[in-house]
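Chemist: this one's sequence-less:
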């Protein structure tokens, strides 16, 4: 069986987000990769007698969505912090699409940041709907609840407490969001958009 591979990210020193926090966060990502592989192995094993293991197979399939999306979500997040901070290209396709959708970059940022402050654990996401050819923002509960079918992720902000509480405490959520954008490599986000909108 083909296994998912853990990606090794090259993340430089970040404003506000400590090296220790990133180190611990990457351990959680590693766990998602490991668990996704383990679940697939168990599914293969239980499929040999699917009638006997029907309940367990159903529960494993549910759990697989959580582990798999936890793996993929974190890959978007960590990739966007690699390579150092870069600005969004002011005349590029992503900026044009953002301006067309929200009127201005500042309006988009305000919208996205307000989504990131949603109470609970989850992800603030900018995605591209491949059917209607438009950008959409969304909140995803946990790792997998509320994913929009057919929407390719462009930008992902982890809003689980494990991503910020070590450096910011629970009351510092707003500052964590500001620092995330201060550390963002927009060239990665632009590449995500280019891939999604092909």
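Modeler: Alright, I've got the coordinates. Everything numeric here is computed off the predicted structure, so don't read it as measured data.
Chemist: so what are the domain limits for this protein?
Modeler: 19-79, 93-196 (automatic domain parsing).
Chemist: mean confidence for the last one?
Modeler: Over the span of domain 93-196, the pLDDT mean works out to 95.
Chemist: endpoints of it, how far apart?
Modeler: Counting by C-alpha to C-alpha, to the nearest Å, you get 12 Å between the two ends of domain 93-196.
Chemist: stretch 76-87 too?
Modeler: 18 Å.
Chemist: average pLDDT for it?
Modeler: 97.
Chemist: in it, which residues are buried?
Modeler: 76-81 (16 or more other C-beta atoms under 10 Å). Where you see a C-beta, it was placed from the backbone N, CA and C, and this is true even at glycine.
Chemist: dump those residues into JSON lines; add secondary structure as well.
Modeler: Putting those into JSON lines (DSSP: H, G, I helix; E, B strand; the rest coil) gives the following:
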{"residue": "76", "secondary structure": "helix"}
{"residue": "77", "secondary structure": "helix"}
{"residue": "78", "secondary structure": "helix"}
{"residue": "79", "secondary structure": "helix"}
{"residue": "80", "secondary structure": "coil"}
{"residue": "81", "secondary structure": "coil"}
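Chemist: the residue nearest the centre of the chain is in what secondary structure piece?
Modeler: For the chain, the residue sitting closest to the mean C-alpha position, by C-alpha atoms, centre = their mean, is residue 73 at 3.1 Å. Per DSSP states H and E: residue 73 is located in helix 54-79.
Chemist: could you do residue 139 as well?
Modeler: Counting by DSSP H and E, the element that carries residue 139 is strand 134-141.
Chemist: what of residue 156?
Modeler: strand 151-158.
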